[in-house]
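Undergrad: predicted model, plus sequence, below.
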Amino acid sequence: MPSLDDEHFPSTPGKVKGERAHAMNRQFHRCFASTTTMFLWALFLIALTASYLSFQSFVDTGSRYLTASWGGIQWEKQVRTSAEIRRSGGFSVLVTGGAGFVGTHVSLALKKRGDGVVGLDNFNNYYDPSLKRARKTLLNNHGIFVVEGDINDARLLAKLFDVVAFTHVMHLAAQAGVRYAMENPHSYVHSNIAGLVALLEACKSANPQPAVVWASSSSVYGLNEKVPFSEADRTDQPASLYAATKKAGEEITHTYNHIYGLSITGLRFFTVYGPWGRPDMAYFSFTRNILQGKPITVYRGKNRVDLARDFTYIDDIVKGCLGSLDTAGKSTGSGGKKRGPAPYRIFNLGNTSPVTVPTLVGILERHLKMKAKKNIVDMPGNGDVPFTHANISLARMEFGYKPTTDLQTGLKKFVRWYLNYYGYNHGQSKLVN
Ligand SMILES: O=C(O)[C@H]1O[C@H](OP(=O)(O)OP(=O)(O)OC[C@H]2O[C@@H](n3ccc(=O)[nH]c3=O)[C@H](O)[C@@H]2O)[C@H](O)[C@@H](O)[C@H]1O
């Protein structure tokens, strides 16, 4: 049987040898030529990709400078002016989450007493950013400048500490909300873990180091059943990712206190409510739905037990924040080096009188003079805890914390603000003054 070779080559032996060699030569050249072509093509493609990537990075860098909302002489002047202290022994405070609910109130209170305040906020769209913009306008009207930027932006933080020697940082920027953590878990890691570390890195490197007061949460008590919740109680059983990131924050801040001598105060806020509040919270969304004639969902605990919260009015929280700043004690390090032990504190800031969710709805109905359409459903396994109740004796002892606003009074003030801001139909906001 002829082989494949025999079929392709003539049968004369001598000729065969020469022609075969020639043919192989041609084959080799063809092959070499095509390899070279492929090589050249590959080179061309690599060069094309590289130039595309560098063009992209040029565009990114360029657009960063074109669209950056911070930097420049004018910007630095605004930051400096806003941070100016106007009382003897006053502070200059960087308030992260400055256009947030608690951030706005704390900033106004600090400014009012003569402290310098600079806000920092990324104006994300977790809830209606127009409310944050309105708060910003309110702050601007009181001489407080809010920098637009993210706590994860190390360059921005370094710049801020470069421009102002902040004595304190009130760290309130966070991804809030207990149930939203099931929808968008990564946003909690981004803000409450990565963002916190970025901020602490900037604080530890600053010279002088500021004292840090930051927002932890009542949710760290998780499945703890011992009431009222005391700071020494178990906090190793979080019920939500939100709670877990806040608990992690307490551990992370401890390491910065231990290694770098940062003065740290963590505040466990208990369901804070009031004017300029967060639209994602129950009291706020219930108000909106009741006014619009829409149903509200009221969760109920195991064995049909009503859920309860130690709702705490914003003015009381503000007093707690200022008391914490006033008693924070100094950080001891400088330029990233610890010089001695610094205070590490944790306080509950609650109201000490829990109220059930149906009672909250009843109070809103009376203030709004409207009936709620209630859908009562069993609490889904979404990270909620059945009740919260703060023991506040530690904060009382340390800085005289004493909440004075009950839920009835606080919701009355909230409803008045809400109707003034949104009107009865939750329409356009009114002008801020
Ligand atoms: O103390 C905190 O550390 C946290 O407080 C707040 O969380 P919560 O105490 O869960 O407040 P909030 O959502 O107003 O729900 C209140 C009650 O209404 C119930 N609830 C809620 C929604 C609903 O549609 N129906 C309902 O019954 C609900 O089951 C609950 O029993 C902050 O949001 C959080 O960021 C964190 O700061």
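TA: Nice, thanks for sending it over.

Undergrad: what distance do you get for residue 235 to the ligand?
TA: Note on residue 235: its distance to the ligand, by C-beta to the nearest ligand atom, to the nearest Å, is 12 Å. C-beta coordinates here come from the backbone N, C-alpha and C atoms, glycine included.

Undergrad: which residue comes closest to that residue once chain neighbours are left out?
TA: residue 220 (4.4 Å; C-beta to C-beta, 6 or more residues apart in numbering).

Undergrad: point me to the residue of the stretch 301-433 of the chain nearest the ligand.
TA: residue 307 (3.7 Å; C-beta to the nearest ligand atom).

Undergrad: please give me every residue in contact with the residue nearest to residue 235.
TA: 235, 238, 243, 246, 247, 250, 268 (C-beta atoms under 8 Å, 6 or more residues apart in numbering).

Undergrad: assumed it was part of a strand.
TA: No. Counting by DSSP: H, G, I helix; E, B strand; the rest coil, residue 220 falls outside a strand, being helix.

Undergrad: ok so, going back, top of the contacts of residue 220 by number of neighbours, please.
TA: Greatest neighbour count in the contacts of residue 220, by other C-beta atoms under 10 Å, goes to residue 246: 28 neighbours.

Undergrad: hmm, it is touching residue 217, no?
TA: Yes. Using C-beta atoms under 8 Å, residue 246 makes contact with residue 217 at a distance of 4.3 Å.

Undergrad: just checking, residue 90 touches residue 117?
TA: No. Using C-beta under 8 Å, residue 90 is not in contact with residue 117; the gap is 10.3 Å.

Undergrad: now residue 116: phi and psi?
TA: phi -80, psi 140 (degrees, to the nearest 10).

Undergrad: now it, which residues is it bridged with?
TA: Assessed by DSSP bridges, residue 116 has beta-bridge partners residue 92.

Undergrad: just the strands in the stretch 301-433 of the chain please.
TA: Here the stretch 301-433 of the chain has its strands, by DSSP state E, counting those that start in this stretch, at 308-309, 312-313, 344-349, 355-356, 373-378.

Undergrad: right, and those - which one's nearest residue 410?
TA: Residue 410 lies closest, by C-beta to C-beta, to one member of those: strand 312-313, at 3.8 Å.

Undergrad: so which residue is smack in the middle of the chain?
TA: residue 174 (2.2 Å; C-alpha atoms, centre = their mean).

Undergrad: pick the most deeply packed of the strands of the stretch 301-433 of the chain.
TA: Neighbour counts averaged per stretch over the strands of the stretch 301-433 of the chain are highest for strand 312-313, at a mean of 26; criterion: mean count of other C-beta atoms under 10 Å.

Undergrad: can you pull the contacts of residue 283?
TA: Per C-beta under 8 Å, 6+ apart, neighbours of residue 283: 273, 277, 311, 360, 364, 411, 414.
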